[in-house]
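**Student:** Fold the following, please.
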Amino acid sequence: MRSSSTLTPPRLQLDRATFSQAPDVSIDFAVMEKAEGVVVLAADFGWSDIGSWKAVAEEFEGDVRGNTSSGEVLMVDCENVMRRQRTDSLPPSD
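**Tutor:** Sure thing, here's the model as predicted:
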């Protein structure tokens, strides 16, 4: 089977079939614990593993009803909704 993975520096995007063959292991175990010459520095910054949609929504400031959004969106009578609009996916305007 031919892979449709793409390499667009600085990012490698795997197709579904190739990604499904990758081991389910964190970068800590897969890479960092085997790496040599690694330096660790103390730092004070926020961190989230973004392991769920709830964690993604928490990265945005919510309104009084718990809604979070990114981009130009319209939400009517919504509670606890996370909405994202990519500007490159907007339909052409007339």
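**Student:** Least confident secondary structure element in the chain?
**Tutor:** One helix or strand of the chain scores below all others by mean pLDDT, DSSP states H and E: strand 6-8, with a mean of 70.
**Student:** I'd like the next helix or strand past that strand.
**Tutor:** strand 11-13 (DSSP states H and E).
**Student:** other SSEs contacting that following strand?
**Tutor:** Here strand 11-13 touches strand 6-8, going by 3 or more CB pairs under 8 Å, 6 or more residues apart in numbering; DSSP states H and E. The C-beta positions use only the backbone N, C-alpha and C, and glycine is treated the same way.
**Student:** quick one: A22 from R84, how far?
**Tutor:** Separation of A22 from R84 (CB to CB, to the nearest Å): 26 Å.
**Student:** Also S48?
**Tutor:** Counting by CB to CB, the gap from S48 to R84 is 16 Å.
**Student:** Give me the more crowded residue out of these two.
**Tutor:** Between S48 and R84, counting by other CB atoms under 10 Å, R84 is the more crowded of the two (13 against 10).
**Student:** The more buried one contacts E72, doesn't it?
**Tutor:** No: R84 is beyond contact range of E72, at 10.6 Å (criterion: CB atoms under 8 Å).
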